[in-house]
Structure formats: structure tokens, C-alpha cells
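Novice: With the input below, show me the fold.
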Amino acid sequence: MIFAAKIILDEIFGAPNYRNLIIRQKCNPKNYTRKAYGKTADFILFYTKTAQYIWNPPVEKLSEKSLKEYQYIEPETGRRFMKVPLHAPGTRNGETGKPWRGILPPPGKHWQYPPAKLDEMDARGDIFWSKNGNPRRKVYLDQHPGMGVQDIWLDFRDAHNQNIKITGYPTEKNSDLLRRIVAASSNPGDLVLDCFAGSGTTLAVADELQRNWIGVDNSPEAFATILERFHRGLKPMGDYSEHRRQWEDRYIQRSLFELMINEGLNEDETNIPESIVTDFSVYIDRDRIAEVRHIIDRTSFPQGFPPISTDP
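Specialist: Next up, the predicted model:
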């Protein structure tokens with residue numbers, strides 16, 4: 001439905017506010033019996049509301065190939081660097097088109113910086129001079145911010161294929177995948193909305209990154225999964241009914257409500273996370289109060305927590 005979805009989103013947000021179609025490899029290749037290519041891809045449509053939007057560019061570590069480009073070592077400091085030209089395409093009639101240190105830029109090119117700036121760089125030792133007197137700019141490895149993330153993501157398999165601990169919810173997403181998206185498109189204190197909350201991965205990640213959040217879902221299974229996740233944390237993959245008690249006896253799992261439910265434990269027993277939910281309410285339709293209250297009671301929350309507000 002990706003193409004139909006894009007047409008709808010173009011209507012809602014405006015076609016100019018479409019930014020990316022991101023392809024994610026969701027699982028390892030499988031042997032399909034049907035007459036078609038195997039499906040290992042998920043698609044993420046990235047839209048913004050306007051041309052002015054929050055963008056914290058995600059970066060990845062340099063590849064081995066990129067690291068090999070930093071083949072020179074500065075004797076004085078031991079820092080690795082690569083040499084890049086100091087000129088750029090195009091002729092200029094201003095300062096960047098004039099000689100520097102008696103050297104003109106190559107034909108059809110100009111200096112990247114005015115002569116005064118080049119003098120400053122040379123004084124700092126940021127320029128490498130070849131034996132023939134040809135200047136090059138030093139680009140240091142330790143100052144490289146990382147490679148900008150592209151629109152094909154290969155590192156985030158589905159939670160069931162990659163993560164050690166999961167909720168077991170059928171459509172659970174990889175937390176690292178959501179962490180990248182939330183961090184790139186919001187800042188601490190911002191509001192994150194997940195209108196199909198499912199297993200609560202987006203909400204847990206948003207809370208971890210100090211964002212406020214709203215989760216919406218119509219499924220009682222999703223609501224129960226989210227409360228269980230927030231209350232007791234994730235569980236190891238496998239037979240949950242068989243291993244759950246053994247797991248709970250051995251470990252105190254990460255909970256977003258640690259201070260509320262573990263106040264009686266010693267400090268070395270709680271493993272309290274850095275970010276803790278202290279204000280949490282459930283908003284529901286009046287005709288589903290009994291159903292939701294049953295789920296909350298089954299999760300063994302303290303009496304009266306979380307507060308429930310009904311739809312007006």
C-alpha cells in the first residue's frame with residue numbers, strides 16, 4: 001500500500017513536504033514458494049508539516065574504506081588526516097581568485113578561502129605543503145562527525161529477528177530503528193505522537209530520549225502489552241509461559257515506573273533507569289472502562305495507578 005499511502009499523504013501534508021522514502025531491510029532472506037521475489041523490505045515515508053522543521057542529522061561511523069583514506073599521520077601530534085585540494089571549480093574576480101603566497105589557483109578554479117583565511121590555516125598547521133610547494137588542506141579523522149545516513153537502512157531487522165528481549169507483540173518494531181527516527185525529528189521536551197502504538201516501542205524510546213509522548217491504539221491486546229512493558233520491561237525471546245517466572249526471579253527488569261513500584265527495594269536492587277515516567281494517564285471511551293480496568297488490575301499496578309480519564 002506504499003504508493004496509495006503516498007498519494008494520501010501528499011494530499012494531507014502537501015507534495016512539497018515529502019522528504020524521503022526510506023527502505024529498511026526488515027529480515028534476512030527466505031526461500032519463498034510463491035512466484036515472486038522475496039520480501040525483505042519495509043518502507044518509511046518521511047513527511048514534514050512545513051518547510052521549517054526539526055532535523056538533527058543522524059550519522060554513522062566511517063566505513064573501513066573511508067578510514068583508509070586517512071592514511072597520513074601528523075608527526076607532531078600523531079593525528080591521522082587526509083589531504084584535499086584547497087581550490088574549487090569556477091573562476092572568481094575577488095580575493096579567492098588572486099594569488100596566495102605567489103601561487104595562482106589552477107585554471108578554471110579559485111581558492112576555497114580568501115588569502116587571509118589561508119594564512120590563518122597555515123599558521124595553525126592545517127595546510128600540508130608538498131615537496132613541490134603545492135598546498136593541500138588537512139582533514140583530520142578525529143574531527144569527522146561521521147557519514148550522513150542514507151535512505152537505505154540495513155541495520156534494523158524486525159525485533160523478533162534481531163533483539164534479545166522483546167514484548168512478543170506481532171508487529172513490534174526495532175527500538176534502535178525508532179530511536180533514530182525520534183532523535184532525528186524531535187528535541188528533548190518535544191511531543192511525539194504514535195497513533196498506532198502497538199507494543200509501545202515508540203513511547204518507550206521517546207521517554208528514554210526525554211520527549212513527551214501520546215500513544216493511541218484501539219486494541220486491548222496492544223494496551224495490555226504496553227502496560228506490561230512499562231511495568232515489567234522487555235522479556236527474553238522464547239517460550240514466555242515457561243520461562244517468564246524463571247526470568248522474573250533472576251532479574252529485576254527495566255520499568256518506566258521504577259520509583260513508583262519499587263520504593264521498598266534497596267538502591268542496589270532496583271536498577272532504576274535514568275528516565276522515569278512520573279505523569280501517566282489513560283484516556284478511554286466510557287463504554288470500555290470495565291475492559292481497561294480489568295487489564296490494569298491484571299498488570300498488578302498499585303491501587304489507583306495509572307489515573308483513568310474517560311472520553312467526554
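Novice: pretty sure residue 21 is touching residue 43, no?
Specialist: Yes. Using C-beta atoms under 8 Å, residue 21 is in contact with residue 43, at 6.1 Å. Just so you know, the C-beta spots here come from the backbone N, C-alpha and C atoms, and that holds for glycine as well.
Novice: got any residues that touch both of those two?
Specialist: residue 2 (C-beta atoms under 8 Å, 6 or more residues apart in numbering).
Novice: what about residue 126, distance to residue 39?
Specialist: Noted for residue 126: a distance of 50 Å to residue 39, by C-beta to C-beta, to the nearest Å.
Novice: One more: residue 97?
Specialist: In terms of C-beta to C-beta, residue 97 sits 55 Å off from residue 39.
Novice: Please pull out the lowest mean pLDDT helix or strand from the protein.
Specialist: Here the helix or strand of the chain ranked lowest by mean pLDDT, DSSP states H and E is helix 267-270, holding a mean of 44.
Novice: Run me through the strand neighbours of the helix or strand that it is followed by, direction for each.
Specialist: Later in the chain than helix 267-270, the nearest helix or strand by DSSP states H and E is strand 282-284. Strand 282-284 has the following strand partners under DSSP bridges: strand 308-310 (parallel).
Novice: now the partner strand: mean pLDDT?
Specialist: Averaged across strand 308-310, pLDDT comes to 62.
Novice: Just give the number of residues close to residue 60.
Specialist: Number of residues near residue 60 (other C-beta atoms under 10 Å) recorded here: 13.
Novice: For residue 139, see how far away the closest residue to it other than its chain neighbours is.
Specialist: Nearest residue to residue 60, sequence neighbours excluded (C-beta to C-beta, 6 or more residues apart in numbering): residue 147, at 5.1 Å. Going from residue 147 to residue 139 by C-beta to C-beta gives 14 Å.
Novice: what about the two, which has more around it?
Specialist: Set residue 147 next to residue 139 and count neighbours by other C-beta under 10 Å: residue 139 wins out with 16 against 13.
Novice: Let me see the contact set for that one.
Specialist: 70, 81, 82, 83, 84.
Novice: any idea how far residue 126 is from it?
Specialist: 9 Å.
Novice: Residue 83 pairs with what?
Specialist: residue 138.
Novice: And the chain, what are its domain boundaries?
Specialist: As recorded under automatic domain parsing, the domains making up the chain are 1-58+149-154, 64-143, 163-312.
Novice: all helices for the protein, in order.
Specialist: Along the chain, counting by DSSP state H, helices occupy 2-13, 64-68, 115-124, 159-162, 175-185, 201-208, 220-232, 240-250, 258-261, 267-270, 289-298.
Novice: For residue 281, find the nearest of those helices.
Specialist: Of all these, it is helix 289-298 that lies closest to residue 281, at 11.9 Å by C-beta to C-beta.
Novice: so what's the spatially most central residue of the chain closest to, chain neighbours aside?
Specialist: Closest residue to the average C-alpha location of the chain: residue 180 at 0.6 Å, with C-alpha atoms, centre = their mean. Nearest non-adjacent residue to residue 180, counting by C-beta to C-beta, 6+ apart: residue 58, 5.4 Å away.
Novice: check contacts around that neighbour.
Specialist: 148, 149, 180, 183, 184.
Novice: pretty sure the last one is touching residue 57, no?
Specialist: Yes. Proximity of residue 184 to residue 57 meets the contact threshold set by C-beta under 8 Å, at 7.2 Å.
Novice: OK, contacts around residue 90?
Specialist: With C-beta under 8 Å, 6+ apart, residue 90 has these contacts: 108, 109, 110.
Novice: Including neighbour count and pLDDT, could these go into CSV?
Specialist: As requested, those are exported to CSV (neighbours: other C-beta atoms under 10 Å; pLDDT from 0 to 100):
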residue, neighbour count, pLDDT
108, 9, 95
109, 18, 95
110, 20, 96
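Novice: how far away is residue 153 from residue 21?
Specialist: The value you get for residue 153 to residue 21, if C-beta to C-beta is used, is 12 Å.
Novice: When these two are compared, which one has more neighbours?
Specialist: residue 153 (20 against 13).
Novice: which one of the helices of the chain is the most hemmed in?
Specialist: helix 201-208 (a mean of 24; mean count of other C-beta atoms under 10 Å).
Novice: That one vs helix 220-232, what angle?
Specialist: 30 degrees (axes from the mean of the first three to the mean of the last three C-alpha atoms, to 10 degrees).
Novice: Which secondary structure elements does helix 201-208 sit against?
Specialist: helix 175-185, strand 191-194, strand 212-215, helix 220-232 (3 or more C-beta pairs under 8 Å, 6 or more residues apart in numbering; DSSP states H and E).
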